[in-house]
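> Sharing a model that was predicted from the sequence below.
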Amino acid sequence: GCDPLAGPTGEGGSVWTRLADRMIDTGMAESVTIVPIAVGATEISCWAEGGHLYDRLTETVDGMLADGLVPDYILWHQGESDNISGTSAETYVHLFENIRRVFRERGIEAPIYCFGKLSSGMHQQRARQQRGCPSSPEKPCQDVQGH
């Protein structure tokens, strides 16, 4: 069947409905509400304060809270564009901390799980890809405060 949740480009499918089903099936949650705001092929700077998607982030979070929705988990799947463009790990962490504040300043203490090609070896990974070498597995990052 068709996936009811489009991918971040507005086409294709999404992993999030399958993840939600799995969370319910394993007893991790009784119900799951997905609030997708992804935009494909964006760098983290787009989402941080001053970026063209920052308002999308803050308005979504404010709208969730106004509707009484407080997340138990936040999944941040982003970073491939930063890996390709050569964003340094230090810059990425700095900008991610800016995004993290959007949640924390609004009283949302849910753990933030990040997924994407984000590692201190971002530039080495890009060089490996340019040489046609196999990619290393994607490494999840952890919320900068250990959550």
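Cool, got the structure.

> Quick one: end-to-end distance for stretch 15-31.
16 Å (Cα to Cα, to the nearest Å).

> quick one: that stretch to chain centroid distance?
On the basis of Cα atoms, centre = their mean, to the nearest Å, stretch 15-31 is displaced by 18 Å from the centre of the chain it belongs to.

> same check, this time on stretch 11-18
Computed by Cα atoms, centre = their mean, the chain-centroid distance of stretch 11-18 equals 14 Å.

> so what pLDDT did Thr9 get?
On pLDDT, Thr9 comes in at 68.

> C-terminal to the longest helix seen in the chain, what's the next element?
Of all the segments of type helix in the chain, defined by DSSP state H, the longest one is helix 89-104. Helices and strands here follow DSSP states H and E; after helix 89-104, the next one along the chain is strand 112-115.

> Identify each buried residue in that following strand, please.
Neighbour counts using 16 or more other Cβ atoms under 10 Å place Ile112, Cys114, Phe115 of strand 112-115 among the buried residues. To be clear about C-beta, it is placed using only N, CA and C from the backbone, and glycine gets the same treatment.

> just stretch 30-48 next, same as before
Val32, Ala38, Thr42, Glu43, Ile44, Ser45, Cys46, Trp47, Ala48.

> can you check stretch 80-90 too?
Those would be Glu80, Ser81, Asp82, Asn83, Thr87, for stretch 80-90 by 16+ other Cβ under 10 Å.

> Need the buried residues of strand 112-115 in CSV (columns: pLDDT and distance to Val70).
Listed next are these as CSV, based on pLDDT from 0 to 100; distance: Cβ to Cβ, whole Å:
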residue, pLDDT, distance to Val70
Ile112, 94, 14
Cys114, 87, 20
Phe115, 82, 22
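
> Closest one to Phe96 out of those, please.
Cys114 (7.2 Å; Cβ to Cβ).

> That closest one against Phe96, yeah?
Yes - using Cβ atoms under 8 Å, Cys114 makes contact with Phe96 at a distance of 7.2 Å.

> Go ahead and confirm Ser81 touches Ala41.
Yes - at 5.5 Å, Ser81 and Ala41 qualify as touching, with contact defined as Cβ under 8 Å.
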